[in-house]
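# Sequence and predicted structure below; questions after.
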Amino acid sequence: MTERIDVFAHVLPPKFYQSMLKIDPQIPQKFPFINIKSLSDIGVRRANFDGATKQVISAVNINPEDFVDGEQAANLCRQANNEMATMITENADMFLAGIAMLPMNNIPAAIKIIDNLPANFVGVQVFTRANGRSIAAADYDPIFKTAANHHLLVLLHPIFDSRKPDNNLVFSWEYELSQAALELVETGLFDRYPNIKIIIHHAGAMIPFFAGRIDHILSAKQAAAFKKFYVDTALLGNAPALQLAIDYFGANHVMFGTDAPFGESPAGATRTIIAALKQLNLPTDSQALINKANYQRLVAKIK
């Protein structure tokens, strides 16, 4: 029986990866995280499967638009998505659904991909920046519009801002997530697409901790908009921080997510995050919402 659904787990489709290595053989040196074996090795993944947590899988952030032109990026994204669809079908006991990779330097192709997702896909992944610009840039709005029209999940994942000389994995990505969320709110995203379902990685990053600043500095309308985001539980444990996120966003806007296989060797921090949630002694209905009911509710209208 599936006890929980991990909405934010990553894979590296092997054939897609080989295509990327032909374009840039230095990817493993440039992005050391790509060498985590359980990203691609289903055997390692299965050996560490807890038997109760099904994963919604998205591709690790080796984004084709950073390497090739728009047409080739679109082809690579289709390859990755089709490969993930097969991985889900062949490992249905572990993988529940997929999240699409999009070519952010070819928005018309990205829209076509969204319009024609594999049947076992439930959303798309976007990053805090693309092509050197904020994801809130007007050029990217059609992606949010199309995702909203299809009632899809939109997973917001951080990347580094190349303009900054001091990027680091401890703090920078949390800033990038928070800043992207602010910019999306400031553009009026929720006015245009009131029912859009954006899931911010890492429990909403800095947002819950700085709720007071949000409430006092922004307009009341903008402050309220922040609570329209959804977040996952990918904090590598840290029960008090998870409680803060739940208090801020509400249990109906928090979804179980681990960032697997990152965080803990060899295949992620699933057990650590489960243990942190148990420490909170949440009401039974809140536990049910976070573990899988929120996910089930949000994907029910996908068309």
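Received, thanks.
# What ranges does the stretch 201-303 of the chain have for its helices?
211-217, 220-226, 239-249, 270-279, 284-288, 294-299 (DSSP state H, counting those that start in this stretch).
# Quick one: closest of those helices to Ala74.
Smallest distance to Ala74 across these (C-beta to C-beta): 25.1 Å, for helix 294-299. For glycine as for every other residue, the C-beta is placed from the backbone atoms N, C-alpha and C.
# returning to what we had before: switch the helices of the stretch 201-303 of the chain over to JSON lines; also include distance to Gly263, mean neighbour count and mean pLDDT.
Listed next are the helices of the stretch 201-303 of the chain as JSON lines, based on distance: least, C-beta to C-beta, whole Å; neighbours: other C-beta atoms under 10 Å; pLDDT from 0 to 100:
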{"stretch": "helix 211-217", "distance to Gly263": "25", "mean neighbour count": "13", "mean pLDDT": "98"}
{"stretch": "helix 220-226", "distance to Gly263": "25", "mean neighbour count": "16", "mean pLDDT": "98"}
{"stretch": "helix 239-249", "distance to Gly263": "14", "mean neighbour count": "19", "mean pLDDT": "98"}
{"stretch": "helix 270-279", "distance to Gly263": "8", "mean neighbour count": "18", "mean pLDDT": "97"}
{"stretch": "helix 284-288", "distance to Gly263": "22", "mean neighbour count": "13", "mean pLDDT": "97"}
{"stretch": "helix 294-299", "distance to Gly263": "20", "mean neighbour count": "18", "mean pLDDT": "98"}
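# Out of the ones you listed, flag the one nearest Ile5.
Set against Ile5 and scored by C-beta to C-beta, these come closest in helix 294-299, at 4.6 Å.
# tell me how far the closest one is from the chain's mean position?
15 Å (C-alpha atoms, centre = their mean, to the nearest Å).
# Surely Ala180 is in contact with Ile135?
Yes - contact criterion C-beta atoms under 8 Å: Ala180 and Ile135 qualify, at 5.4 Å.
# Now do the shared contacts for those two.
Both Ala180 and Ile135 are in contact with Thr128, Arg129, Leu156, where contact means C-beta atoms under 8 Å, 6 or more residues apart in numbering.
# Residue most distant from the centroid, the chain?
His216 (28.7 Å; C-alpha atoms, centre = their mean).
# Could you check how far that one is from Ala223?
As judged by C-beta to C-beta, to the nearest Å, His216 and Ala223 stand 9 Å apart.
# again, but for Ser286
Taken as C-beta to C-beta, the span from Ser286 to Ala223 is 23 Å.
# Would you map the strands across the chain?
4-11, 53-59, 95-100, 121-127, 129-130, 133-134, 153-157, 197-200, 230-232, 254-255 (DSSP state E).
# Dump these into CSV; add mean neighbour count and mean pLDDT as well.
Below are the strands of the chain laid out as CSV (neighbours: other C-beta atoms under 10 Å; pLDDT from 0 to 100):
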stretch, mean neighbour count, mean pLDDT
strand 4-11, 27, 98
strand 53-59, 25, 98
strand 95-100, 26, 98
strand 121-127, 23, 98
strand 129-130, 22, 98
strand 133-134, 14, 98
strand 153-157, 25, 98
strand 197-200, 26, 98
strand 230-232, 27, 98
strand 254-255, 26, 98
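# of those strands, which approaches Glu186 most closely?
Of all the strands of the chain, strand 133-134 comes closest under C-beta to C-beta, at 10.2 Å.
# Given that closest one, what are its sheet partners and their directions?
strand 129-130 (antiparallel) (DSSP bridges).
# Tell me which residues of whichever helix in the chain runs longest come out buried.
The single longest helix within the chain, with elements called by DSSP state H, is helix 70-90. Buried positions in helix 70-90, judged by neighbour count with 16 or more other C-beta atoms under 10 Å: 70, 72-81, 83-85, 87-88.
# One more: stretch 19-27?
Neighbour-count burial for stretch 19-27, counted by 16+ other C-beta under 10 Å, picks out Ser19, Met20, Ile27.
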